[in-house]
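Asks: Provided below are the primary sequence and the corresponding predicted coordinates.
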2 protein chains.
Amino acid sequence: VAGLAAARAWRVLGWAHSKETVAGINAHHVNPRYLTSYTLPANVTATTSLDEAARAVVEQLGDVAVILATPSSYVRTLTTEFCEALERALSQVDLAGGTLSQAANAKVFPGNVSGSEGSVPAVPTLVLSKGIEPGSGLLMTQVVEDASAAAACPVPLAVAALSGPNHAEEVCKGLPAAAVVATASDAAATAFTSLLLSPEFRVYTTGDLVGVEVPAALKNVIAIACGVAAGLGYGDNTLAVLMTRGLAEMCRLAVALGASPLTCMGLAGMGDLVATCTSEHSRNRTFGEALAAGESLSSYEARTHMVVEGARAAVSALEVAARVGVELPVTQAVAALLRGEALAPTIQALIERPPSQEFYGISQGTSGPVVH
Amino acid sequence: VAGLAAARAWRVLGWAHSKETVAGINAHHVNPRYLTSYTLPANVTATTSLDEAARAVVEQLGDVAVILATPSSYVRTLTTEFCEALERALSQVDLAGGTLSQAANAKVFPGNVSGSEGSVPAVPTLVLSKGIEPGSGLLMTQVVEDASAAAACPVPLAVAALSGPNHAEEVCKGLPAAAVVATASDAAATAFTSLLLSPEFRVYTTGDLVGVEVPAALKNVIAIACGVAAGLGYGDNTLAVLMTRGLAEMCRLAVALGASPLTCMGLAGMGDLVATCTSEHSRNRTFGEALAAGESLSSYEARTHMVVEGARAAVSALEVAARVGVELPVTQAVAALLRGEALAPTIQALIERPPSQEFYGISQGTSGPVVH
């Protein structure tokens, strides 16, 4: 995403915890951990200082956007720390005698979501992290909103989620891909569409955040299941069934939480699911294959330096599903395998579930009763 | 399907035009043309005589089902000829002094769809052919109904369509798969569910024939497009976008013809599409790869002895789409390539179409307007 934005002449300042990553980007225009063969544009720089990043945001208020791309388990902490850094930055910024809102509203960037003069313009904030927070059951944009409210963030964040079939490896090569920006903020929709859209990268927008974020979290669980099935030698039919029934269960949960079922059918639902489940680039699918071969989660993560988001998402999705009374059979099977239950009986139990109506929990009356 | 039915102790009599196929099945329990490594159960026999097949149906009326699995272009002719053969068979059958309906209604099989005494029970007829008839725009079960009505078929046919992620190659090996039986007839639903259902083969039913048959016809077109993209070196993102936008366009057409959009999301829509587009077994996808490498349709079909159904479906789908005012951009691109238009500009034009609402033509109001 940094590369896409920089290619559209945005100046990009990245924050990362790792000194090695920051040094690699500044010295060689390469992230030394991931996508090592991709050279970042020269207008991408990085810092390990959250204060420096916050200062850049405050200085460009009204003409700046934030992109959050940490593993899901750091989203709350990082949001809190970012808001605290914004507070510190605000105490240092030179407002030339005016107020912050006057300085910001003088700019032309449509980041002023409130539209009312005198208020601080919200910063469009794109949340790339996918997952469901354990305990709270919140989706990632909700975690950002919740954490920034708790921290009394001095600058409002206009959150958006990005999802779709867009493996970074291929986007970097300019291969055609597409994505959906989900946000309730027109300003964030405008900002991130103009930031991302190109002939090779189609961008659709929607107001249905839940319909985008629930599948984004659960697709990693289904990808683990597909990896297990592939690892056990099952064929394309079985994988297609897993993806389809997987889409049905993520859609049941999304609808129960307020989404439109159609969103599941689109690029952020089906599109991302198919790309993730069929791709060699998916760490979740690759982990599923390792799981089928007997490797544990901790061993896999230590070996690859990758976080298997689907493993966390499976547990927290089941918590939420139990609360709203939705069944997630594929997710249940993945969670059972992660707890160390035996492969063969878990898979067998999943396969032998009696078929019910294909779309139960999504809509009534479109599928007739099944006759045994 | 013959193998699945035979495995459930049905006696199966296959009709085929090819003497070689029939001889292979009767002498060696193998179809010498396709799936040559699969041995059919001993209770599967075959004949080249449509009269023999029709006689078997008439003799077992009330306890028999018909499965039609020809290429789509033969469905009308074969249905007409089958009805004529049924007429001849009826003139020869020994009704033991009673009427045909009395003989049939004495049996216990739930094939008596009319339920009324004295009428001839309908024969559950499973149509495996996929496509849209050129000119008429009829789907395959509609072609069977139309042709049997035109032939004044002496035995009513209760049509059903079968679709889903079920490549024969893998089903024969007992790998888990799933399918949807679409029919307006309870008797046909019961007959074909009991005929097909097993722990490895999940069967769902629906009354939405259009929602099953339109995607079944169009998935082959999208598979050609995916083959072209794969042949040109595009990655998983691009294939996932093609499948997702392909599903959207087949769903737009299905909905315009009366289907429920949810059916497209299920095994017969998304499931079959994903299996077809990702599988090495799909002749349509393989043809797309050949097309990208410069081979023509006629050369490919001559070389492989396979009918590329998607090539016909593209043309007839566009006829129907024009009639009901639905856009099918992927299908249009495939049709252009089949007409011999150059690859690069056709693909470029498809990729560079401005994004519109993701679900236009399927539902209003779920996707916000796109901001450029």
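Replies: Looks like it came in fine. Numbering: from 1, shown residues only, chains lettered A, B, ... in the order given.
Asks: what mean pLDDT does the strand or helix carrying residue A:85 have?
Replies: Element membership of residue A:85, judged by DSSP states H and E, is helix A:75-92. Taken as a whole, helix A:75-92 carries a mean pLDDT of 95.
Asks: In that helix, which residues are buried?
Replies: Buried positions in helix A:75-92, judged by neighbour count with 16 or more other C-beta atoms under 10 Å in any protein chain shown: A:75-76, A:78-87, A:89-90. Heads up, the C-betas are built off the backbone N, CA and C, glycines and all.
Asks: Show me the strands in the stretch 151-300 of chain A, by range?
Replies: Listed from the start of the chain, the stretch 151-300 of chain A has strands (DSSP state E, counting those that start in this stretch) covering A:157-163, A:177-183, A:201-206.
Asks: Do I have it right that residue A:226 meets residue A:277?
Replies: Yes - applying C-beta atoms under 8 Å, one finds residue A:226 in contact with residue A:277, separated by 4.2 Å.
Asks: Overlap of the contact sets of those two?
Replies: With contacts defined as C-beta atoms under 8 Å, 6 or more residues apart in numbering or on different chains, the residues shared by residue A:226 and residue A:277 are A:239, A:242, A:243, A:285.
Asks: What residues does residue A:247 make contact with?
Replies: By C-beta under 8 Å, 6+ apart, the contact list for residue A:247 reads A:215, A:222, A:264, A:265, A:269, A:270, A:273, B:265, B:270.
Asks: how near is it to residue B:265?
Replies: To residue B:265, residue A:247 is 7 Å away according to C-beta to C-beta, to the nearest Å.
Asks: repeat for residue A:266
Replies: Plainly put, residue A:266 is 10 Å away from residue B:265 if you go by C-beta to C-beta.
Asks: Same question for residue A:56.
Replies: If you measure residue A:56 against residue B:265 using C-beta to C-beta, the figure is 43 Å.
Asks: and these two? which has more neighbours close in?
Replies: Under the criterion of other C-beta atoms under 10 Å in any protein chain shown, the comparison of residue A:56 against residue B:265 puts residue B:265 first, with 30 against 16.
Asks: Could you find the closest non-adjacent residue to the more buried one?
Replies: What sits nearest to residue B:265 in space, not counting adjacent residues and going by C-beta to C-beta, 6 or more residues apart in numbering or on different chains, is residue A:265, at 5.0 Å.
Asks: Thought residue B:261 was touching the one you found, still the case?
Replies: Yes - using C-beta under 8 Å, residue A:265 makes contact with residue B:261 at a distance of 7.4 Å.
Asks: shared neighbours of the two, anything?
Replies: With contacts defined as C-beta under 8 Å, 6+ apart, the residues shared by residue A:265 and residue B:261 are B:251, B:362.
Asks: can you list the contacts of residue A:247 in a markdown table and add pLDDT?
Replies: Formatted as a markdown table, these follow (pLDDT from 0 to 100):
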| residue | pLDDT |
| --- | --- |
| A:215 | 96 |
| A:222 | 96 |
| A:264 | 90 |
| A:265 | 88 |
| A:269 | 93 |
| A:270 | 93 |
| A:273 | 95 |
| B:265 | 88 |
| B:270 | 93 |
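Asks: Return the member of those nearest to residue A:13.
Replies: Closest approach to residue A:13 among these (C-beta to C-beta): residue A:215, at 30.8 Å.
Asks: Quickly note the distance from the closest one to residue A:131.
Replies: Noted for residue A:215: a distance of 12 Å to residue A:131, by C-beta to C-beta.
Asks: top helix in chain A by residue count?
Replies: Determined from DSSP state H, the single longest helix within chain A is helix A:209-231.
Asks: Show me which parts of it are buried, residue by residue.
Replies: By neighbour count with 16+ other C-beta under 10 Å, helix A:209-231 contains the buried residues A:209-231.
Asks: ok, which of those also contact chain B?
Replies: The subset of the buried residues of helix A:209-231 within reach of chain B, by C-beta under 8 Å from any C-beta of the partner chain, is residue A:211.
Asks: Surely residue A:33 touches residue A:23?
Replies: No - judged on C-beta under 8 Å, residue A:33 makes no contact with residue A:23 at a distance of 11.7 Å.
Asks: returning to that earlier point: out of the contacts of residue A:247, who's nearest residue A:335?
Replies: The nearest one, if we look at those relative to residue A:335 and count by C-beta to C-beta, is residue A:222, at 12.5 Å.
Asks: Please report the distance of the residue lying closest to the closest one once chain neighbours are set aside from chain B.
Replies: Leaving aside its chain neighbours, residue A:222 sits nearest to residue A:246 (3.4 Å; criterion: C-beta to C-beta, 6+ apart). Here residue A:246 is placed at a distance of 10 Å from chain B (C-beta to the nearest C-beta, to the nearest Å).
Asks: same deal with residue A:312?
Replies: As for residue A:312, its distance to chain B is 24 Å (criterion: C-beta to the nearest C-beta).
Asks: I'd like to check which residues are in contact with that residue.
Replies: If a contact means C-beta under 8 Å, 6+ apart, then residue A:312 has A:72, A:73, A:131, A:134 as its contacts.
Asks: how about it, secondary structure?
Replies: Per DSSP: H, G, I helix; E, B strand; the rest coil, the secondary structure class of residue A:312 is helix.
Asks: That one and residue B:243: what is the separation?
Replies: In this view, residue A:312 and residue B:243 are 28 Å apart by C-beta to C-beta.
Asks: same check, this time on residue A:206
Replies: Counting by C-beta to C-beta - residue A:206 and residue B:243 are separated by 19 Å.
Asks: Then residue A:19?
Replies: With distances taken as C-beta to C-beta, residue A:19 is found 41 Å from residue B:243.
Asks: So for those two, which residue has more residues nearby?
Replies: residue B:243 (28 against 10).
Asks: so where's chain A shaky on pLDDT?
Replies: When the per-residue scores of chain A are filtered using pLDDT under 70, the ranges that remain are A:2-9, A:94-118, A:354-357, A:360, A:363-372.
Asks: tell me the contacts of residue A:160?
Replies: When contacts are taken as C-beta under 8 Å, 6+ apart, residue A:160 is in contact with A:124, A:125, A:126, A:127, A:141, A:181, A:182, A:183, A:185, A:188, A:189, A:192.
Asks: and the nearest residue to it once chain neighbours are set aside, how many neighbours does it have?
Replies: In space, residue A:160 comes closest to residue A:183 once its chain neighbours are excluded; the distance is 3.5 Å by C-beta to C-beta, 6+ apart. A count of nearby residues for residue A:183, using other C-beta under 10 Å, gives 30.
Asks: end-to-end on stretch A:21-41?
Replies: Terminal residues of stretch A:21-41 are spaced 15 Å apart (C-alpha to C-alpha, to the nearest Å).
Asks: do it and chain B meet?
Replies: No - under the criterion of C-beta under 8 Å from any C-beta, stretch A:21-41 makes no contact with chain B; the nearest approach is 14.0 Å.
Asks: just to revisit the earlier point, ok, and of the contacts of residue A:312, which contact chain B?
Replies: The subset of the contacts of residue A:312 within reach of chain B, counting by C-beta under 8 Å from any C-beta, is empty.
Asks: Could you measure from residue A:17 over to residue B:186?
Replies: Taking C-beta to C-beta as the measure, residue A:17 and residue B:186 are separated by 62 Å.
Asks: Helices along the stretch 51-200 of chain A, start to end?
Replies: Listed in chain order, the helices of the stretch 51-200 of chain A (DSSP state H, counting those that start in this stretch) span residues A:75-92, A:100-105, A:140-150, A:168-172, A:186-196.
Asks: and what of the stretch 251-372 of chain A?
Replies: With DSSP H, counting those that start in this stretch as the criterion, the stretch 251-372 of chain A has helices at A:261-265, A:272-278, A:283-292, A:297-304, A:309-324, A:329-338, A:343-351.
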